[in-house]
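> Sequence below, structure please.
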Amino acid sequence: MILKTLEIRFSLPSTVKLNQAIGSIMQGVLMERIDRDYATYLHKQNLRPYSQYIFFSKKDNCLIWRISALNRQAADEILLPLFNLPYSIFLRHKQTRLTTLNKEYIYENTYENLAQKYLSLPNNPDKQKIIDFNFITSTAFKSQGKYIIFPEIHLVLASLLNRWNAFSQTDFINDKQITSGLQRYLYVADYKLNMRPFSLEGVRVPAFVGTYSIGVVQNDMAQKILAMLSEFAQLSGIGIKTAIGMGAVKTQIHSA
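All right, here's what the predicted structure looks like:
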């Protein structure tokens, strides 16, 4: 199964005021461009086979929209139509136009190759690893009907494993002994988080942004699996509503 990310850059109109709603607006742009039957199919899915988010780059002074497909059908049905976006698109909710600067695929891989990349690494039992999860758009979880606004390890792990197991068509980390045992080797190494609620159609979703660091003790398989999932996280997102711009994350791995 394929993994692929499309990046589209837009000039920043002076009339646009950025807020959390922009992710939901871009989700509307996405839905307008894809096949209606596929859109209907997506609305029925608990886990969507894609994620998307948009942010402002101070360095490049532009808006950057990243859309990631988590299987081949999503790549064909979503990324291809978006790659063919017109030079200018009209945002009805903002009553303004976005002008396209550039479109390019910035990531392409398969689940098999991604797994091989990390699981084939040499064992290094003397080193502990730290993985920094930098949440760059508002992130939250939901359990038993309630929002959870702290990224507890089991919530991060469950979010990533659910998406991996749903779309990868591989079952080596779907084994109950592996998934239940993995958490024993993980600990919270550090966190610097801030509240940033996400507003959706008048509903205020409590959420956070910032950095959450997970340490992995000296267990080779746990280190390899979490490192693999941390790269996957940059495509899948973490937590709820990743299809409307929440849960976008960048990750970094380093020694303890």
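> chain center to stretch 84-97: distance?
Distance of stretch 84-97 from its chain centroid, counting by C-alpha atoms, centre = their mean, to the nearest Å, is 24 Å.
> What lies in contact with it?
Contacts to stretch 84-97, defined as C-beta atoms under 8 Å, 6 or more residues apart in numbering, come from residues 8, 13, 15-16, 21, 25, 28-29, 33, 98-100, 103. Yep, even glycine has a C-beta here, placed from its N, CA and C like the rest.
> Now do the end-to-end distance for it.
Length of stretch 84-97, first residue to last, C-alpha to C-alpha, to the nearest Å: 17 Å.
> can you tell me the average pLDDT over that stretch?
Regarding stretch 84-97, the rounded mean pLDDT is 82.
> can you pull out the strands in the stretch 51-200 of the chain?
Along the stretch 51-200 of the chain, counting by DSSP state E, counting those that start in this stretch, strands occupy 62-69, 88-91, 96-110, 129-139, 141-143, 146-148, 186-195, 198-200.
> if we can go back for a sec, could the contacts of stretch 84-97 go into CSV alongside neighbour count?
Shown next, in CSV, are the contacts of stretch 84-97 (neighbours: other C-beta atoms under 10 Å):
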residue, neighbour count
8, 22
13, 14
15, 9
16, 18
21, 17
25, 18
28, 13
29, 19
33, 18
98, 24
99, 14
100, 15
103, 14
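> Can you tell me which of the residues you listed is closest to residue 184?
Set against residue 184, the nearest of the contacts of stretch 84-97 by C-beta to C-beta is residue 21 (40.4 Å).
> Could you give the number of residues near the closest residue in space to that closest one that isn't next to it in sequence?
Distance criterion C-beta to C-beta, 6 or more residues apart in numbering; nearest residue to residue 21, sequence neighbours excluded, is residue 199 at 6.1 Å. Using other C-beta atoms under 10 Å, residue 199 has 14 neighbouring residues.
> confidence score at residue 199?
Per-residue pLDDT puts residue 199 at 80.
> low pLDDT regions in the chain?
14-20, 94, 125-126, 171-179 (pLDDT under 70).
> in it, which helix has the most residues?
helix 220-236 (DSSP state H).
> Sheet-wise, list the partners of whatever helix or strand comes next after it with their directions.
Towards the C-terminus, the helix or strand next in line after helix 220-236, according to DSSP states H and E, is strand 249-255. Note on strand 249-255: by DSSP bridges, its sheet partners are strand 129-139 (antiparallel).
> List just the nearest of the contacts of stretch 84-97 to residue 43.
Among the contacts of stretch 84-97, and counting by C-beta to C-beta, the member closest to residue 43 is residue 28, at 13.1 Å.
> Just the element for that closest one, please.
Going by DSSP H and E, residue 28 is part of helix 21-33.
> picking that back up, of all the strands of the stretch 51-200 of the chain, which one comes closest to residue 230?
Among the strands of the stretch 51-200 of the chain, strand 129-139 sits nearest to residue 230 (C-beta to C-beta), with 4.9 Å.
> If you count neighbours, what's buried in the closest one?
Going by neighbour count (16 or more other C-beta atoms under 10 Å), the buried part of strand 129-139 is 129, 130, 131, 132, 133, 134, 135, 137, 138, 139.
> Would you convert these into TSV that also reports distance to residue 85?
Output for the buried residues of strand 129-139, formatted as TSV (distance: C-beta to C-beta, whole Å):
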residue	distance to residue 85
129	39
130	39
131	34
132	33
133	30
134	28
135	27
137	21
138	25
139	27
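> Spatially, which two of those are the most separated?
Going by C-beta to C-beta, the pair spanning the buried residues of strand 129-139 furthest: 129 and 138, at 27.1 Å.
> okay, now the nearest residue to residue 215 once chain neighbours are set aside: neighbour count?
Leaving aside its chain neighbours, residue 215 sits nearest to residue 189 (3.8 Å; criterion: C-beta to C-beta, 6+ apart). Using other C-beta under 10 Å, residue 189 has 16 other residues around it.
> repeat for residue 56
Neighbour count of residue 56, defined by other C-beta under 10 Å: 13.
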